[in-house]
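>>> everything below, folded, please.
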Amino acid sequence: GAAMLAALWAYNGWNNMPLVAGEVRDPGRNVPRALIMGMLVVLAGYGLANLAYLYALPFNEVVTSNSTAYREAPPVATKAAQTFLGTFGAKFVTATFLLSTMGALQGVILVKARIPFAMARDGLFFSTIGTVSKRTSVPVRAIGIEAAWASVLAATGSFDQLTDFVIFAAWIFYGLTAVSVFRLRHKMPYAPRPYRTLGYPVVPLIFVLVALWLVINTLQTSPVESVMGLLLILLGLPLYYYFQRKQEAGKVLTI
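Next comes the predicted model:
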């Protein structure tokens with residue numbers, strides 16, 4: 001349900017690395033390494049942080065910290081810092097949250113604009129979105145599209161609601177991506193594969209089942225968040241079919 005979505009949000013971001021694979025040297029070797037090492041570092045960091053929280057606070061204080069059930073309560077990190085360092089500690093942790101957010105935004109700006117950029121290059125979006133600045137070679141228009149849409153979303157709901165919408169919708173596509181591994185192995189058995197699927201077919205099958213369970217469970221326990229996530233996906237269908245028809249006709253609209 002919502003609690004699982006909130007937990008998965010903390011680890012989300014691993015999916016961003018493949019989006020910039022085209023700009024990575026030797027991606028077949030370095031992208032998997034970056035994914036594995038990045039996840040190990042994040043897991044270790046979160047694990048140590050949670051051990052520190054449990055050491056510093058009574059269990060009841062941890063449970064009643066800021067979450068989907070206690071939206072107005074202070075974060076557990078703030079409580080722990082206040083226990084060790086007093087009011088100054090709480091302010092210090094708040095400042096580190098802001099710095100961490102700025103760092104995350106840098107990564108999001110770098111990779112997320114590559115989605116409309118790649119769509120435009122493939123003829124599935126307005127062609128000018130697939131252009132780059134002549135001076136900096138940056139996809140400025142794609143970044144502008146992402147910034148505008150992010151601003152609209154930020155103005156329509158709370159952070160918790162937005163993350164629930166996004167994670168639910170994202171795991172639908174994560175599962176479909178894993179399904180595509182089986183599909184492509186069947187349709188294109190001799191295609192070059194720079195990225196190896198370790199443990200095939202067991203590992204991708206487990207991933208598909210987990211994604212399916214998460215989607216079904218969220219539909220049952222958090223129907224509002226689930227419906228909103230589905231609506232966000234459906235909003236893109238009219239544009240998708242429009243550009244698909246244009247692509248089939250050999251004409252892509254330019255704005």
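
>>> hey, let's count contacts and neighbours off CA atoms from now on
Noted.

>>> tell me which other helices or strands the longest helix belonging to the chain touches.
Scanning the chain for the longest helix, with DSSP state H as the assignment, gives helix 76-112. For helix 76-112, the packing partners by 3 or more Cα pairs under 8 Å, 6 or more residues apart in numbering; DSSP states H and E come out as helix 27-56, helix 140-154.

>>> which helices and strands sit right next to the helix or strand following the longest one?
Read it as helix 27-56. Towards the C-terminus, the helix or strand next in line after helix 27-56, according to DSSP states H and E, is helix 59-63. With contacts taken as 3+ Cα pairs under 8 Å, 6+ apart, helix 59-63 sits against no other helix or strand.

>>> residues of helix 59-63 that come out buried?
Using 16 or more other Cα atoms under 10 Å as the test for burial, helix 59-63 gives V62.

>>> list the contacts of it.
The contact list for helix 59-63, computed with Cα atoms under 8 Å, 6 or more residues apart in numbering, reads Y53, L54, V76.

>>> for the closest residue to the last one other than its chain neighbours, helix, strand, or coil?
Translated: V76. Here the nearest residue to V76 in space, its sequence neighbours aside, is S65; by Cα to Cα, 6 or more residues apart in numbering that works out to 5.2 Å. For S65, the secondary-structure state derived from DSSP: H, G, I helix; E, B strand; the rest coil is coil.

>>> how close does S65 get to K79?
S65 sits 8 Å away from K79 when distances are taken as Cα to Cα, to the nearest Å.

>>> these two: which has the busier surroundings?
The residue with more neighbours, out of S65 and K79 and counting by other Cα atoms under 10 Å, is K79; that gives 24 against 19.

>>> list the contacts of the more buried one.
For K79, the residues meeting the contact criterion (Cα under 8 Å, 6+ apart) are L57, S65, A90.

>>> repeat that with 7 Å
Applying Cα atoms under 7 Å, 6 or more residues apart in numbering to K79 gives no contacts.

>>> so what are the domain limits for this structure?
Domain ranges of the chain: 75-156, 158-246, per the TED database.

>>> which phi and psi does L209 have?
phi -70, psi -40 (degrees, to the nearest 10).

>>> burial check on G144, number of neighbours?
Applying other Cα under 10 Å, we find 14 other residues in the vicinity of G144.

>>> from F117, how far off is it?
Relative to F117, G144 is positioned 11 Å away (criterion: Cα to Cα).

>>> before we move on, what about H186?
For H186, the distance to F117 equals 29 Å [Cα to Cα].

>>> which one's more surrounded, these two?
Legend: neighbour count by other Cα under 10 Å for H186 and F117, higher for F117 (25 against 10).

>>> ok, the more buried one - contacts?
Residues in contact with F117, defined by Cα under 7 Å, 6+ apart, are I129, G130, P139, A142.
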